[in-house]
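> Let's see this in three dimensions:
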Amino acid sequence: MKSEQLMSYFASPQMTVVEAMQKIDLNTKGILFVVEQENHLLGVVTDGDIRRWLIKTGNMKEQLGRMMNRSPRLIYRKDVAAAQEFMVKYSITALPVVTAKGNVLDILFRQQDKSLTAKEETPLKGVQVVIMAGGKGTRLYPYTKILPKPLIPIGDVPIMERIIERFRGFGVDHFWATVNYRKSMIKSYFSEVSQDYELTYVEEDKPLGTAGSLQLIAEVPKEPLIVSNCDILIDADYGDIYRYHQRSGNELTLVTALKNIVVPYGVVHSSENGAVISMDEKPKLSYFVNTGMYILNPELLADIPRNTFFHMTDLSDRLLRQGRKVGMYPISEDSFLDMGEFEEMHRMEEKLNLKAE
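Residues are numbered from 1 along each chain as shown. Sure thing, here's the model as predicted:
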């Protein structure tokens, strides 16, 4: 690997968690090796490490040197021939090749076993997914004057169909779609699509919000269900999200994404009597935002009022006021694609490499 390529997998011990998430987004391998001078290996940080850290502490400004794994798996140059076997043995996907002094010379990545990838993985077999497809999509006007939001194409495939395809990849075979605005068009489209899954419609007589229509589901599932807006794509391990919800004891889990906002001005900090203390030139603010994907226990359906406009955020607020457990599963900024605005639609197409379609 060339030296400039290696740099995309290196981080300093002073790099913050937020900066690390951004760099991992860029290298797309889910890992950073923490090094100091002459690329001397100090530790390793994966996207999973960062997620667990954020869930545990909520601290986005911590430095990697204080939360990294200080005992990374590594291999010496003389043992490179055994690297793939080593990675399989220890269930790791990336392995630094180091000198006797511990300086990184190269990074090797695990080769996928075709016999394993060919097998269908179904971690969400039996899990039911509700897609909220009843809204008018006013942010996408005038597109939605002609088409309902779920049928707006990303490339040549409607967004709702892409959402279903993502979940099918994890074994989901039963979907509910809450419909209202231009529902006949949605039902007509999917009636002509070849399906290897069950799609059941929940028809609203009036808009009920992103949670209100859940009361119309005919049969309450026995296991936690997943609710997703119809204008988002989440590039993450849905099986891991679901397992986290089950292990955490949350009644409701929100999938959240990092959002970095750059203030396009110099920000002035002042004290009493207008005295300027300091200035920050175009500071960057970092937050976790609600993506519109949720996992909720079936018992929560009883907390949703009937025949009432009620959002998932209203449900979350109600649970928090009652002291009940609401948690989050954080993902990176680049893992959240939102079709709700024109600029984000184009970013979604670029992320999915659909410009040529």
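> ok, now which ones touch the residue lying farthest from the centre of the chain?
Centroid-distance maximum for the chain: N273 at 45.3 Å, with CA atoms, centre = their mean. Contact analysis of N273 by CB atoms under 8 Å, 6 or more residues apart in numbering lists nothing. (Each C-beta comes from the backbone N, C-alpha and C, glycine too.)
> Check it and give its pLDDT.
Looking at N273, its pLDDT stands at 86.
> That one falls within a strand, correct?
No - judged by DSSP: H, G, I helix; E, B strand; the rest coil, N273 forms no part of a strand; its state is helix.
> can you tell me how far it sits from E299?
Look at N273 and E299: by CB to CB, to the nearest Å, they are 56 Å apart.
> And A275, by the same measure?
A275 sits 55 Å away from E299, going by CB to CB.
> Settle it for me: which of these two has more neighbours?
Using other CB atoms under 10 Å, the more surrounded residue of A275 and E299 is E299, with 10 against 7.
> How is this protein divided into domains?
As assigned by automatic domain parsing, the chain contains the domains 3-114, 128-351.
> For those domains, could you give me TSV that also reports distance to T122?
Formatted as TSV, the domains of the chain follow (distance: least, CB to CB, whole Å):
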stretch	distance to T122
domain 3-114	18
domain 128-351	3
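> among the ones you listed, where is the model least confident on average?
Checking each of the domains of the chain, the one with the poorest mean pLDDT is domain 128-351, at a mean of 91.
> now the end-to-end length of it.
Start and end residues of domain 128-351 are separated by 27 Å (CA to CA, to the nearest Å).
> Off-centre distance for that domain?
Remark: domain 128-351 is offset 11 Å from the chain centroid, using CA atoms, centre = their mean, to the nearest Å.
> try stretch 22-29
A distance of 14 Å separates the centroid of the chain from that of stretch 22-29, by CA atoms, centre = their mean.
> What of stretch 18-27?
The answer for stretch 18-27 is 14 Å, by CA atoms, centre = their mean.
> Contacts for that stretch, please.
Residues from elsewhere that reach stretch 18-27 (CB under 8 Å, 6+ apart): 8-9, 11, 15, 30-32, 45, 47, 50, 60-61, 64, 258, 260, 286, 332-335.
> could you dump that stretch to PDB, C-alpha only?
Taking only C-alpha atoms (Å, rounded to 0.1, in the frame of the first residue of the first chain), the coordinates of stretch 18-27 have been written out as PDB:
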ATOM      1  CA  VAL A  18     -15.900  13.100  16.100                       C
ATOM      2  CA  GLU A  19     -12.900  13.600  13.800                       C
ATOM      3  CA  ALA A  20     -12.200   9.900  13.900                       C
ATOM      4  CA  MET A  21     -15.800   9.100  12.700                       C
ATOM      5  CA  GLN A  22     -15.300  11.500   9.800                       C
ATOM      6  CA  LYS A  23     -12.000   9.900   8.800                       C
ATOM      7  CA  ILE A  24     -13.500   6.400   9.100                       C
ATOM      8  CA  ASP A  25     -16.300   7.500   6.700                       C
ATOM      9  CA  LEU A  26     -13.600   8.500   4.200                       C
ATOM     10  CA  ASN A  27     -11.600   5.300   4.300                       C
END
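> Name the residues of that stretch that are buried.
Neighbour-count burial for stretch 18-27 flags 18-24, 27 (criterion: 16 or more other CB atoms under 10 Å).
> Name the member of the residues you listed with the shortest distance to L74.
N27 (18.3 Å; CB to CB).
> And that closest one, how close does it get to A81?
Counting by CB to CB, the gap from N27 to A81 is 25 Å.
> Repeat that for E281.
Taken as CB to CB, the span from E281 to A81 is 51 Å.
> cool, N39 as well?
The spacing between N39 and A81, counted by CB to CB, is 22 Å.
> quick one, which of the two is more surrounded?
Between N39 and A81, counted using other CB under 10 Å, the more crowded position is N39 (18 against 8).
> my guess is that one contacts F10, does it?
Yes - using CB atoms under 8 Å, N39 is in contact with F10, at 6.7 Å.
> Identify the contacts common to those two.
With CB under 8 Å, 6+ apart, N39 and F10 have common neighbours V104.
> circling back: report the buried members of the contacts of stretch 18-27.
For the contacts of stretch 18-27, a burial check counting by 16+ other CB under 10 Å picks out 8-9, 11, 15, 30-32, 45, 47, 50, 60, 64, 258, 286, 332-335.
> Tell me which residues are up against stretch 254-272.
Outside stretch 254-272, the residues that touch it by CB under 8 Å, 6+ apart are 18, 21-22, 60, 234, 236, 241, 276-291, 293-295, 316, 326-333, 335-336.
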